[in-house]
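Trainee: here is my input, please return the structure:
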Amino acid sequence: MSSPTRSGGSGTADLPRTGLERKIGPLQATAINMTQMCGIGPFVTIPAMVATMGGPQAMFGWIIGAIIALADGLVWAELGAALPGAGGTYIYLREAFQYRTGRLMPFLFAWSAVLFIPLIMSTGIIGLVQYLGYLIPGVVDDGGVTPLGKIIGIVIIAVIVLALFRRIGQISKLTTVLFVIMLFAVLTVIVAAFSHFSGGQAFAFTPGAFGSGGAFWGGLGAGLVIAIYDYLGYNTSAYLGGEVRNPGRTIPRSIIFSILGIMALYFLLQVGVLGSIPLDELKNATSVASTVLEQAWGTVTAKVITVFIIIAAIGSVFAGLLGGSRVPFEAARDKVFLPVFAKLHPKLNLPTAGVLTMGVITAIGSLFTLTDVINAAVTVLVIIQSLAQVAAIWVLRRRQPALKRPYRQFLYPIPTIIALAGWVYIYISATTLSIILSVAWIVLGVVAFLIYAAAEKTWPFGPKEIREEFVLAQQQQQPTEEGLEA
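Mentor: Model prediction:
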């Protein structure tokens, strides 16, 4: 990994003005990413991962998922450092694809992000309600989350949305507190698991699992859908690029450090759980962390730590909605999305419509099953974000060579190729229904774009509007810097 270099003495590119406040520092950015990544995800998906991959060999699924996440994270690191603005991917696709398809790609991203970001957040709500079932009778049953549990989930979403209505400086401090709680909860479960750990049980791989046609390879595709879902969130600081201090330094470091840190936690957690809970029991567990804690230290301690796990899950949803709400804001500022999303709260400087809309969609998504929502969210994300960003980094290096890049991807283009191969494999490994629905959503988005383009008389019904916003900002700043030096 190459080190971000100084530009203009600030370690970042010169930036267009957005009206947002740059209050998020390196520690807060990393905390936001890790809090978003490790909410309830691993606590509810470890049983599914083990069942999908046929046994303890599931631990290697987390490692392969981390390799794909790290390769993709290096794509985010270069793009986020060079184009640090609200909305992340929206800006990268706008800058890269304006030359051939006008506003189509950023429109499709905004169109899709308003769906897949809150859907991912709704999985956190579904998972935390499952853990509430360990504390409150009647929240879950053999059929899953009960109507009471769903009502509780919607109430929690409303509380999270209300908590987001504060200045970004206050939010970053709150997220740091939630990060500490998350770290405490995960490390406590890991310690509990290893306090009565059986290495023979943890590493009792299924016979022939790694051979041709073995359980590992047969379940790897579906397992990676789960693994990459659990790693999602390492890009949250890039979504908040318009509110990060020294983004050229902060965004790459926050992405890379968060992926490496969460990878270590997930691997230890998976191995610890495998060595402390019998395989048959683990495959059907609904609150695996609570089970581990109860076996190690009794019911009272298990219930106390379960509360911390639920708070960590709330923190993950909080961080995700915080970053996601900035996507339609940037699109609306470009007049590519509904104008109401471009309005900032008059006192708090936050995109009100984005926060409220994503809160509502999260509530709707929380009414469905966990597996269905994961597959739907991941497939839509892959087709319009992950694959498009791999193309964007290539296009921008060719189209905007003068763009200041405080961070340049290590071993380029190898990480982009690894990310591309990984994302394609994950996409084709999702359920057939999810793939069909993701394609249908994109087709519907293209139709919506054509209606919008016809009304606005932009490409393909008018001229392309090519504007290299960040390069232009740098060029405008350069004469000022030269005058100061003189």
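
Trainee: now do the lengthiest helix in the chain, average pLDDT.
Mentor: Longest helix of the chain, by residue count under DSSP state H: helix 104-135. If you average the pLDDT over helix 104-135, you get 89.

Trainee: mind starting the numbering at 98 from now?
Mentor: All set: I'll call the first residue 98, so the last point we hit is now helix 201-232.

Trainee: the very next helix or strand once past it - contacts with which helices or strands?
Mentor: Of the helices and strands lying after helix 201-232 in sequence (DSSP states H and E), the nearest is strand 237-238. Contacts of strand 237-238 with other secondary structure elements, assessed using 3 or more C-beta pairs under 8 Å, 6 or more residues apart in numbering; DSSP states H and E, are made with helix 201-232. In this view, the C-beta of every residue, glycine as well, is placed from N, C-alpha and C.

Trainee: pull the distance from the longest helix of the chain to the chain's centre.
Mentor: When C-alpha coordinates are averaged (C-alpha atoms, centre = their mean, to the nearest Å), helix 201-232 and its chain have centres 10 Å apart.

Trainee: for the helix or strand hosting Asp377, output the C-alpha coordinates as CSV.
Mentor: Here Asp377 is covered by helix 376-380, with elements defined by DSSP H and E. Once side chains and other backbone atoms are set aside, the C-alpha atoms of helix 376-380 remain, and they are given as CSV (Å, rounded to 0.1, in the frame of the first residue of the first chain):
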residue,chain,number,x,y,z
LEU,A,376,-21.7,-28.2,14.8
ASP,A,377,-25.3,-29.5,14.7
GLU,A,378,-26.4,-27.1,17.4
LEU,A,379,-24.5,-24.2,15.7
LYS,A,380,-26.2,-24.6,12.3
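
Trainee: same for that helix, what does it pack against?
Mentor: In this structure, helix 376-380 packs against helix 138-150, with contacts taken as 3+ C-beta pairs under 8 Å, 6+ apart.

Trainee: so the helix it packs on versus helix 201-232, what angle?
Mentor: Angular relation of helix 138-150 and helix 201-232 on a 0 to 180 degree scale: 90 degrees, by axes from the mean of the first three to the mean of the last three C-alpha atoms, to 10 degrees.

Trainee: next, the buried residues of the helix or strand just after helix 138-150.
Mentor: Past helix 138-150, further along toward the C-terminus, the next helix or strand under DSSP H and E is helix 156-179. Applying a neighbour-count criterion of 16 or more other C-beta atoms under 10 Å, one finds 156-159, 161-163, 165-179 buried in helix 156-179.

Trainee: how far off centre is helix 156-179?
Mentor: How far helix 156-179 lies from its chain's middle: 11 Å, per C-alpha atoms, centre = their mean.

Trainee: what about it, average pLDDT?
Mentor: For helix 156-179, the mean pLDDT works out to 94.

Trainee: ok and that helix relative to helix 138-150, angle-wise?
Mentor: 130 degrees.

Trainee: and the next helix or strand past helix 156-179?
Mentor: Heading C-terminal from helix 156-179, the first helix or strand you meet, by DSSP H and E, is helix 186-198.

Trainee: what helices or strands is that following helix leaning on?
Mentor: Contacts of helix 186-198 with other secondary structure elements, assessed using 3+ C-beta pairs under 8 Å, 6+ apart, are made with helix 201-232, helix 423-430, helix 484-496.

Trainee: out of those, which gets nearest to Val544?
Mentor: Ranking those by their distance to Val544 (criterion: C-beta to C-beta) puts helix 201-232 first, at 10.4 Å.

Trainee: can you name the residues that contact Ser219?
Mentor: Listed by C-beta atoms under 8 Å, 6 or more residues apart in numbering, the contact set of Ser219 reads 458-463, 465, 470.
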